[in-house]
Structure formats: C-alpha cells, structure tokens
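Q: Sequence and predicted model, in that order:
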Amino acid sequence: MVAGLASPGDGTLSAWQAPAPPPPPRSPFSGPAPAPSRAERIGRDLVRIGTIVVDTSKKELTVGGVVNDVSVLEFLANTKGGWKAYESALELDTNAVNFNVACLLIGLETEGAVVSRFQFDPQAPQGHPVELFVEWDEAGKPRRVRAEQLIYNRVTKQTLSEGPWVYTGSVFQSGNIYLAETEGTLVGFMHTTAPIIESPRPNVGAWGDSTINPELGLKPSTAVKVIVRALPRAAR
C-alpha cells in the first residue's frame, strides 16, 4: 500500500484526496433561481436591471450580447454562459431572472399564457405579444433587423415569417427551479417549455434544419443588441 493512502475496506481516511471534478453544465436540476439585480433608475423613463436597460415610456428593453459560433439552431437567444449556447443564435449578457424582471417592467403579463407542454410541441404557445429586433454595427453604421430574419431554414430556404413573438415567462419546477435559468434559454422558436419568449408560428421542418441567416453576414463574436418591445394585447 502506498504511504498516506487507505486500502479498500480498512476503515481509515486517505491523506490524499482527488481534486473535485468540474461542475456539470447547467441543467434543469442545477438549483434555485438567483435573486434579481436591484433596479436602478438612470433617467426619467429609464431603469437598469443588471445589464438590461428598460425604457418604460417606449415599453421596450435593450440588452447586449454576441453572435454564437453555431450551425444548428433551436433558440434565438441564451443567457450569459447558458447551457443551450450550442444551439442558440445569440448569447445575451444577462441571466434569465433579470431578463424576466425587465419584461415585467415593460408591461408584459403572464395572464392567459399557454406554455409549450414539451419539446417541439405541435401546439403553438400563446402569450402577451412582443416585437424583437437585433442591431449591430455594419461598416461603421448601425443595422437593425427583425429577429425573425436571423432564423433561416435550410430546407424551405426561408426565414421565419414576420410577426410578433409571445411572452410566456417560462415556468417554475419543484418550487424555486426556474427553467429558463437552469436551461439558460431566453428566446426560442421551436416550441419548448423553458424560454421566456417563444415563437407562436407553426413548427416548420425538423431539428437541425435551421441556422443563422447566411445573407446577414453575421460572424461569431459580433457584438449585438437585442430590443424587446411590448405590443398591445388583444381585447379579452
């Protein structure tokens, strides 16, 4: 037996311990949601939540991020360091809790929301309508497009159809497990449960068919801004 190490079954503790393994990727079981950042008023109609700026008069929020180096998409945007970055077009500089608080501050509501029941649910989600825009610098000038234009289907040769997205707010599981936080997903388009904002369009094609629109020329690590704007709800 090597000095300092316990032999199997001898009832002693080893003087040497192996280093702790690295933490696993974030998953639906990674723990309770963090507390939101403190709201800071920075102007008459402007509030900052972490890295997100909320304009209450325009009912819109703005958050920075970068383009991910991906070839297959299931989500438009993931959280900073989020688990689903490998299939998200953009990584936004925020966690899910702050993003959701910012959504509430622009007037979004979960009343009447219908969240996708499972991955690739054929039933479209329902919720408070929003518009999404993505902005970046192109040859020294700002360029802004609707978020739908980022998602390109290689089979249909088309981007997502233009129109609103819906705020569902994601869901809590087992008490304080906020699924958007643990999976690291903010905006989706293939009808999954976790994202805070989803696409109400019918699913088109299968997983693996969609990628970042090559016509936009967006390269990995390009700095972007995402703007979420609340739209009026239909009369209920």
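A: Done, it's in.

Q: For the strand ranked longest in the chain, list the C-alpha coordinates in PDB.
A: For the chain, the strand with the greatest residue count under DSSP state E is strand 128-138. Presented in PDB, the C-alpha positions along strand 128-138 are these (Å, rounded to 0.1, in the frame of the first residue of the first chain):
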ATOM      1  CA  HIS A 128     -48.500  38.700 -24.500                       C
ATOM      2  CA  PRO A 129     -47.200  39.700 -28.000                       C
ATOM      3  CA  VAL A 130     -43.800  41.400 -28.400                       C
ATOM      4  CA  GLU A 131     -41.600  42.500 -31.200                       C
ATOM      5  CA  LEU A 132     -38.000  41.600 -31.300                       C
ATOM      6  CA  PHE A 133     -35.200  43.400 -33.100                       C
ATOM      7  CA  VAL A 134     -31.400  42.700 -33.400                       C
ATOM      8  CA  GLU A 135     -29.000  45.500 -34.000                       C
ATOM      9  CA  TRP A 136     -25.200  45.500 -34.800                       C
ATOM     10  CA  ASP A 137     -22.600  47.700 -36.400                       C
ATOM     11  CA  GLU A 138     -22.000  47.100 -40.100                       C
END
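
Q: who does that strand touch, helix- and strand-wise?
A: Judged by 3 or more Cβ pairs under 8 Å, 6 or more residues apart in numbering; DSSP states H and E, the packing partners of strand 128-138 are strand 141-146, strand 165-167, strand 223-230. Just so you know, the C-beta spots here come from the backbone N, C-alpha and C atoms, and that holds for glycine as well.

Q: Just give the number of residues close to residue 43.
A: For residue 43, the neighbour count with other Cβ atoms under 10 Å is 11.

Q: And residue 200, by the same measure?
A: Count around residue 200 with other Cβ under 10 Å applied: 17.

Q: again, but for residue 146
A: 15.

Q: partner residues bridging it?
A: Judged by DSSP bridges, the bridge partners of residue 146 are residue 133.

Q: now the longest strand of the chain, how far from the centre of its chain.
A: Centroid separation for strand 128-138 versus its chain: 14 Å, with Cα atoms, centre = their mean, to the nearest Å.

Q: Contacts for that strand next, please.
A: For strand 128-138, contacts defined as Cβ atoms under 8 Å, 6 or more residues apart in numbering pick out 76, 90, 108-110, 113, 142-150, 164-167, 187, 197, 217-218, 222-234.

Q: Could you say which of the helices and strands packed on strand 128-138 is packed most deeply?
A: Among these, ranked by average contacts under mean count of other Cβ atoms under 10 Å, first place goes to strand 165-167 (a mean of 25).

Q: Neighbouring strands of the following helix or strand past it in the sheet, and parallel or not?
A: With elements assigned by DSSP states H and E, the helix or strand that comes after strand 165-167 is strand 172-173. Here strand 172-173 is paired, per DSSP bridges, with strand 177-178 (antiparallel).

Q: Could I get the average pLDDT for the helix or strand just after the partner strand?
A: Later in the chain than strand 177-178, the nearest helix or strand by DSSP H and E is helix 179-183. Mean pLDDT, computed over helix 179-183, is 93.

Q: For helix 179-183, name the packing helices and strands.
A: Looks like helix 179-183 contacts helix 96-105 (3+ Cβ pairs under 8 Å, 6+ apart).

Q: Next, the angle from the helix it packs on to strand 128-138.
A: 110 degrees (axes from the mean of the first three to the mean of the last three Cα atoms, to 10 degrees).
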